[in-house]
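Chemist: Give me the fold of what follows.
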Amino acid sequence: MLTAGDELLQGADSVVPVPLHPWRRGREGFYQAVELARHLRPPMRCILWRVRATAPQTALDARARRRNLDGAFRLSPFVTSRRRQQWLEGRTVVLIDDVRTTGATLEACATLLKAVGVKEVRALTVAKADLHLVGRERPRTETAE
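Modeler: Down below sits the predicted model:
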């Protein structure tokens, strides 16, 4: 991921893992985006929270995915105005996630980050799901984007 994402990571101020809902994190016992982000060069900032549990995205079409994510994310309450100014305002942030399907989750996170002053949002994922299989069976994935 570090090698494949080198261009995206160049000049970035931080990497931000796409958050899991706490219920899902506890159930799965593994937070993929954080595990991926911790090995990248810019500092990792866990500044986004998933505040609403959402239905699994795999069975939904693109429009339903966007609706499913409405209001699902917010900025962490631990991001003070000072940290917001240091970490976000006018900065370049790279969102990190394991799989991109339609991009609805990344888009929802990027929209929030832009609303709080981030200048540029980039996204780096390990895999891209095969849209032809989504909703029919477990998505097949390609190698790093």
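Chemist: only C-alpha atoms for contact and neighbour calcs from this point on.
Modeler: Will do.
Chemist: quick one: low-confidence ranges for this protein?
Modeler: In the predicted model of the chain, residues 21-31, 55-59, 129-145 satisfy pLDDT under 70.
Chemist: Going along the chain, name the strands of this structure.
Modeler: For the chain, the strands defined by DSSP state E cover 14-17, 48-50, 73-75, 92-100, 120-128.
Chemist: Tell me the strands beside the second one, with direction?
Modeler: Based on DSSP bridges, the pairing partners of strand 48-50 within the sheet are strand 73-75 (antiparallel).
Chemist: Next: the last one.
Modeler: For strand 120-128, sheet partners with direction are given as strand 92-100 (parallel), following DSSP bridges.
Chemist: ok, back up a step: select, out of the strands of the chain, the one closest to Ser81.
Modeler: Nearest of the strands of the chain to Ser81, taken as Cα to Cα: strand 73-75 at 11.4 Å.
Chemist: Would you pull up how far the closest one lies from the middle of the chain?
Modeler: Here strand 73-75 is found 11 Å from its chain centre; the criterion is Cα atoms, centre = their mean, to the nearest Å.
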